[in-house]
Every structure is written in structure tokens, then in C-alpha cells.
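Colleague: Below: sequence and its predicted model.
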Amino acid sequence: MPSRISSSPRRSARLPLLAALAITLVTGSLALAGQSGDPTTPATPTAATHPAPSLDSTRQSEQWQATPVPVGKGDLTAVAALSHTQAWAVGYRLNSATSLKAIALRWDGKTWTQESTLPDNSFPQALAVRSAGDIWAVGSASAHWDGTKWTAYPLDNDPAGHVVPDAVTTTSDGKAWTVGRAMGRSIKDGVPAIQSWDGKAWHRQSLPDVGKGELSGITAVAPNDIWAVGAAYAADENAKQSALLLHFDGKNWQRMTAPGPGTTHNWLGAVTALSANDIWAVGGSTTTGGTERPLAVHWDGSAWSTATTPDVADGRLRAVGETGDGDLWTLGGKGAAPVALRWNAQHSQWEKSTAPDLVVRSFTTVPHSADLWATGIARDGDLIPTITHLKG
């Protein structure tokens, strides 16, 4: 997503896009339609019931492999895959010191090539792929790919200000959903925002009053079972920022109690639904000294609870997903310090695993596969777009 100014211990604000040419960007969330509990796909057993994947030395020794990309300078902010031979990545090509172009890349099983450019001012930060002819990208605006061309669609007006989406997903009834924030003059004025696409236009959703805050991730079990996550900002400098969980039951959005250390600032950045009773959300928390560490919470159908994570400095988590062989992964990190965690169901805890060698913007699993893709920029160099692949 476009760069953020920290107005809270979490992260948050978008600068004018060209400011992204000079400073590091951070990713938004992504969703692959059908991998987030979409009822059109077989139900996935819950983390508590499916066999614990073995964290054997063979898998741990595997390395992420960089794949060539047709972009010399820029950034790749989101990735999603339908299969081994169908994946998409979106981001920017830097044309000059003051000019960039939004682009979409496609993986055909062998190489990444540029499939298209996106409409002006679309600036994609998150991606939802239902099929090769039905793709949504959101960022400063929203755009839809019908298999031939991109079409930009304006978001609905919000009385709180300009809507900046951070994540997008689709549901089996043909709708799309995007979450983010609506803000006036600055991020400090931002409030959580959700909009839904009915096939013709985006419509603002009525939300419970949670004060200032933002939403950074969304996942759908079904059209009447949708979760959004983010952060509720601290009311004053002595208060704590808290993780934010909202649930849609088909009629209304309601705030749910979010777990997390009450003595720290907490936030959630991404969420994935394996089933109605098996949902993971990830983010981070900060200690009194300002150190960030991973935060992961789980929904079992009745309540949210905090899961054990390793004490990784700068271990903020940005994306979470399950592979076709039942492995749960979450990726993130701060700047040039990438972090990858893998769920050990046998010991009911998240454990450090091999991290991709890049500044992580986004990652995705591949349906019916143990493979993973991660996108971002190289840790060394000046805005060198990078895509890496972990073959299962």
C-alpha cells in the first residue's frame, strides 16, 4: 500500500502516491476467492482437528527462490494464485523520479510477464482473484479486470472523508467487499470503512461506532459470515491502541471482543477463514519500550483467543494463509527484516520458519498445493521489485 506515517504505535497513513518513490512501502492484504471459506470450495478441517503438519528438517531446509520479473524498478504490492500455472501480481513500475505506472503481472507456470496496465490513479495495493476473468484490485481507488481490460469504479462517498481501501475479497453471491479507512485531513481523523459491490456500484456499509481507527484485512466464510480486522486507535496518548474485529451476519456489522495483551498496543493486519469455526487473524503488539512482536488470534466458532507466537523483534505480521497440504503460514516483518511463522498444531503454537529474502508486501498460498508466493522489493538496492517462490 502507499507509504504510511506512524500516528499510532501501529503504522498508519497514506501519503500522496508519488511520495512512495522516496520511501519504503508496506503491503495491504489480499484475498484469493475460494480460499477464504467460500462455500463453492470444499470445507477445510479446523486447525484443531486436522493432523499437525510435521515441521521436518526437509521442509525447513527448503529455500525461497526468486523468480525474474519484467520490472526493473518499482514495487509489487499484492499477489494471488489460482493454480500452479495461474497467478497474478500487481504493483508499480517506476518510469522516472516523478512518474510511475500501475501494472499487473501474470504467471503462466514458467515466467512472469506483464499482462496489463491499470487505469490511471488506481494504484493497487490488494488483490482478489475469483477467476482469470474476474479480478479486483484496490488501493487509492478500485479497478476490475474482466479478462480483457481493467475498468475503474469509484467508491461510494463517505461522510468521514476520502475512502482509502486496504483489502478486498469476494463472496459466492457475486459481491466484492473492501475495507480500509475514511479520513479527512489526516490519518488521525480516520475511521474504519467497509464498502460492498453489488454488480453495478460500491455501497458504503453502516458500522458500529468504534471511534478512530482502520481496517486492514477481510475474509468471507459465506455471504452472511464475513470478518474484518484492523485497529481502534488510542483515544489519547495515555490509552492503548486495540485490535479491532468486526463481523457481518448478512444484515449488520457488529464489533467482537478482540483478545490480546491489555498492557500493550495491539493491531490486526490480515485474516483468513478456513471454515466458520476456524479463522486466524494476525498482526502485532508493542511493548512499553516500543518493540514490536507478532500477534496471532484464533476463532473457534465461540470465542477469539490468543495463540502463542515466538518473541521476534520487529515481528509484525501482514498476511496469513493455509496451503493445500494443511500448513498454516503467516508472513511479515519490519523493513528489511522479514519474518515467516508456521503453525505447529501438535504443540499449539506458531514457530519461526524460513523467511523470503525480501521486504514482504504480500504472500499467497496456491490452491491444491503446498507452494507459496511472496512479493515486495529486494532488501538491498533501490526499489527492486521481487517475487519469490517456496515450492512445497
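Modeller: Noted; the coordinates are in hand.

Colleague: Distance of residue 374 relative to residue 303?
Modeller: When distances are taken as Cβ to Cβ, to the nearest Å, residue 374 and residue 303 turn out to be 31 Å apart. For glycine as for every other residue, the C-beta is placed from the backbone atoms N, C-alpha and C.

Colleague: between those two, who's got more neighbours?
Modeller: Regarding residue 374 and residue 303, a neighbour count based on other Cβ atoms under 10 Å identifies residue 374 as having more, with 28 against 10.

Colleague: Can you tell me the SS state at the more buried one?
Modeller: Three states are possible here, and by DSSP: H, G, I helix; E, B strand; the rest coil the one that applies to residue 374 is strand.

Colleague: Identify the bridge partners of it.
Modeller: With DSSP bridges applied, residue 374 shows beta-bridge pairing to residue 363, residue 388.

Colleague: gap between the two ends of stretch 342-353?
Modeller: Chord length of stretch 342-353, first to last residue, is 6 Å (Cα to Cα, to the nearest Å).

Colleague: Now that stretch: buried residues?
Modeller: Neighbour-count burial for stretch 342-353, with 16 or more other Cβ atoms under 10 Å as criterion, is recorded at 342, 343, 344, 345, 350, 353.

Colleague: Redo those as JSON lines? Include pLDDT and distance to residue 384.
Modeller: Compiled in JSON lines, the buried residues of stretch 342-353 are given as follows (pLDDT from 0 to 100; distance: Cβ to Cβ, whole Å):
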{"residue": "342", "pLDDT": "97", "distance to residue 384": "27"}
{"residue": "343", "pLDDT": "97", "distance to residue 384": "31"}
{"residue": "344", "pLDDT": "97", "distance to residue 384": "34"}
{"residue": "345", "pLDDT": "94", "distance to residue 384": "37"}
{"residue": "350", "pLDDT": "98", "distance to residue 384": "30"}
{"residue": "353", "pLDDT": "95", "distance to residue 384": "24"}
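
Colleague: wait, isn't residue 375 in contact with residue 88?
Modeller: No - in terms of Cβ atoms under 8 Å, residue 375 does not count as a neighbour of residue 88; the distance is 10.3 Å.

Colleague: Can you check which residues contact both of those two?
Modeller: In the contact map built from Cβ atoms under 8 Å, 6 or more residues apart in numbering, the residues linked to both residue 375 and residue 88 are residue 79.

Colleague: which of those two has more neighbours?
Modeller: The neighbour count for residue 375 versus residue 88, taken as other Cβ under 10 Å, is higher for residue 375 (30 against 26).

Colleague: and that one, what does it touch?
Modeller: Taking Cβ under 8 Å, 6+ apart, we find residue 375 in contact with 27, 76-79, 89, 91, 358, 361-363, 385-388.

Colleague: Ok, residue 229 next?
Modeller: 215-218, 243-246, 268-271, 281, 283.

Colleague: In JSON lines: those residues, plus neighbour count and secondary structure.
Modeller: Listed next are the contacts of residue 229 as JSON lines, based on neighbours: other Cβ atoms under 10 Å; DSSP: H, G, I helix; E, B strand; the rest coil:
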{"residue": "215", "neighbour count": "30", "secondary structure": "strand"}
{"residue": "216", "neighbour count": "31", "secondary structure": "strand"}
{"residue": "217", "neighbour count": "28", "secondary structure": "strand"}
{"residue": "218", "neighbour count": "30", "secondary structure": "strand"}
{"residue": "243", "neighbour count": "27", "secondary structure": "strand"}
{"residue": "244", "neighbour count": "26", "secondary structure": "strand"}
{"residue": "245", "neighbour count": "24", "secondary structure": "strand"}
{"residue": "246", "neighbour count": "23", "secondary structure": "strand"}
{"residue": "268", "neighbour count": "27", "secondary structure": "strand"}
{"residue": "269", "neighbour count": "32", "secondary structure": "strand"}
{"residue": "270", "neighbour count": "31", "secondary structure": "strand"}
{"residue": "271", "neighbour count": "30", "secondary structure": "strand"}
{"residue": "281", "neighbour count": "31", "secondary structure": "strand"}
{"residue": "283", "neighbour count": "31", "secondary structure": "strand"}
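
Colleague: Measure how buried residue 98 is and give me the count.
Modeller: The local packing count at residue 98 equals 8, with neighbours defined by other Cβ under 10 Å.

Colleague: where does it land on pLDDT?
Modeller: Residue 98 is assigned 85 on the pLDDT scale.

Colleague: what about residue 371, neighbour count?
Modeller: The criterion is other Cβ under 10 Å. On that basis, residue 371 has 20 neighbouring residues.

Colleague: same deal with residue 199?
Modeller: Here the neighbour count serves as a burial measure; for residue 199 (other Cβ under 10 Å) it reads 8.

Colleague: Name the nearest residue to residue 86, ignoring sequence neighbours.
Modeller: Here the nearest residue to residue 86 in space, its sequence neighbours aside, is residue 132; by Cβ to Cβ, 6 or more residues apart in numbering that works out to 6.3 Å.

Colleague: dump the residue contacts of the one you found.
Modeller: By Cβ under 8 Å, 6+ apart, the residues touching residue 132 are 82, 86, 147.

Colleague: same thing but 10 Å
Modeller: Residues in contact with residue 132, defined by Cβ atoms under 10 Å, 6 or more residues apart in numbering, are 82, 83, 86, 88, 106, 115, 145, 146, 147.
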